[in-house]
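K.L.:
Sequence and predicted model, in that order:
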Amino acid sequence: MVTVSLIHSSWLHLLANLSKQILLGILLERKYGSFRIVIVYWLSTVGAVLLCAMLADSREGGIGSSGAIYGLALFFTVERLNAIKTNSDHRLFILMQLVLFIVLPTTITISMAAILGINVGHSAHFGGGLVGCVFGIG
């Protein structure tokens, strides 16, 4: 459950996950600190593994840190949407952040996976994203 995010299927898989992790990690750590983001990251990993084991065929193991990264992405999204409510003067800037840091990288990653025919663990992404969303709301 803990080491699944340290294993990747290829260098491209590792590079895609690391780039999104660095992009979101720096932004979130500057605001919330490393300790809180590590907790969100690892609990998103646990959520991804548990949901993947419950929904998918448990004989097919998922690998990579995508579930944890989706947790960070949804945590960031909920945090930015809350910022829109409290900071109405900067709504356009906050929406641009969401497009640049969430929509664009996710679109590129999904497009690359579709073009290259890579199998994607959607249940793991959903599990990690669900944990990140709950932390963002909390």
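P.N.:
That came through, no problem. Residues are numbered from 1 along each chain as shown.
K.L.:
Now do the helices in this protein.
P.N.:
Taking DSSP state H as the test, the helices found in the chain are 11-32, 34-55, 66-86, 91-98, 104-116, 122-137.
K.L.:
ok now the third one, how far from the chain's centre?
P.N.:
Offset of helix 66-86 from its chain centre (CA atoms, centre = their mean, to the nearest Å): 9 Å.
K.L.:
Then the shortest one?
P.N.:
A distance of 19 Å separates the C-alpha centroid of helix 91-98 from that of its chain, computed with CA atoms, centre = their mean.
K.L.:
by contact count, what packs against that helix?
P.N.:
Applying 3 or more CB pairs under 8 Å, 6 or more residues apart in numbering; DSSP states H and E, we find helix 91-98 packed against helix 66-86. Bear in mind the C-beta positions are built from the backbone N, C-alpha and C, glycine included.
K.L.:
Could you list the buried residues of the helix it packs on?
P.N.:
66-80, 83 (16 or more other CB atoms under 10 Å).
K.L.:
Stretch 129-138 now?
P.N.:
Going by 16+ other CB under 10 Å, stretch 129-138 has these buried residues: 129, 130, 131, 132, 133, 134, 135, 136.
K.L.:
Kindly report the same for stretch 26-38.
P.N.:
Quick answer for stretch 26-38 (16+ other CB under 10 Å): 27, 28, 37.
K.L.:
quick check, nearest of these to residue 88?
P.N.:
The nearest member of the buried residues of stretch 26-38 to residue 88, counting by CB to CB, is residue 27 at 21.1 Å.
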